[in-house]
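Asker: Could you look at this predicted model? Sequence included:
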Amino acid sequence: MHVSSFTAIMLTILVLCTGNSCRSQMAEGYIRHLSNGKVKVYSAGIETHGVNPKAIEVMKEDGVDISGHTSNHIDEYQSIAFDLILTVCDHARENCPYFPSHAKRIHHNFSDPAKATGNENEIMDAFRATRDEIKVFTTNLLHSLTLNKE
């Protein structure tokens, strides 16, 4: 399901998380995928932990390739005028350093699959559950942004 009405809309979105390894990477992947690349989307962390291989794997299962993503620090994007900043974890929202922007801010806390415990299947199920939540959220977000621009 793609958001096809983005053809005349160019938004710039920053997805922010603690380590820019799982949740923000998945959200960036879905926003790029669902908007057919018609939204400029970046992700960053208040720290950098590298892109989690399990996040790459579960996104690939759903047809979204994030294997080329990099883990970036928020300071790298100080000069970009974002339209929207989306925080995807409470820790990033509460601990984000001052980031000058007139962007609209939206927050949704997703569970951190990197903290999942159990056997390999249980851990992968946690990654899939978070992935699926992020997919629904980003789909609804893009639809909402489209309706607000029309």
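Answerer: Received the coordinates, thanks.

Asker: going forward, measure contacts between C-alpha atoms and count neighbours the same way
Answerer: Noted.

Asker: Flag the shaky bits of this protein, pLDDT-wise.
Answerer: 1-9, 92-100, 147-150 (pLDDT under 70).

Asker: Strands of that one, start to end?
Answerer: 12-17, 40-45, 84-87, 104-107 (DSSP state E).

Asker: show me what contacts residue 50?
Answerer: 19, 20, 21, 70, 71 (Cα atoms under 8 Å, 6 or more residues apart in numbering).

Asker: try residue 130
Answerer: 23, 110, 111, 112, 113.

Asker: can you do 7 Å?
Answerer: Applying Cα atoms under 7 Å, 6 or more residues apart in numbering to residue 130 gives the contacts 110, 111, 113.

Asker: how much space between it and residue 38?
Answerer: In this view, residue 130 and residue 38 are 24 Å apart by Cα to Cα, to the nearest Å.

Asker: And the longest helix anywhere in the chain, what's buried?
Answerer: In the chain, with assignment by DSSP state H, the single longest helix is helix 120-149. Neighbour counts over helix 120-149 (16 or more other Cα atoms under 10 Å) mark 123-124, 126-132, 134-135, 137-139, 142-143, 146 as buried.

Asker: do the same with stretch 25-41
Answerer: Per 16+ other Cα under 10 Å, stretch 25-41 contains these buried residues: 25-35, 38-41.

Asker: ok, and the closest non-adjacent residue to the most centrally placed residue in the chain?
Answerer: Here the mean C-alpha position of the chain is nearest to the C-alpha of residue 27 (Cα atoms, centre = their mean), at a distance of 2.5 Å. Nearest residue to residue 27 in three dimensions, chain neighbours excluded: residue 134, at 6.1 Å (Cα to Cα, 6 or more residues apart in numbering).

Asker: The one you found contacts residue 28, doesn't it?
Answerer: No. Between residue 134 and residue 28 there is no contact, the gap being 9.8 Å when judged by Cα atoms under 7 Å.
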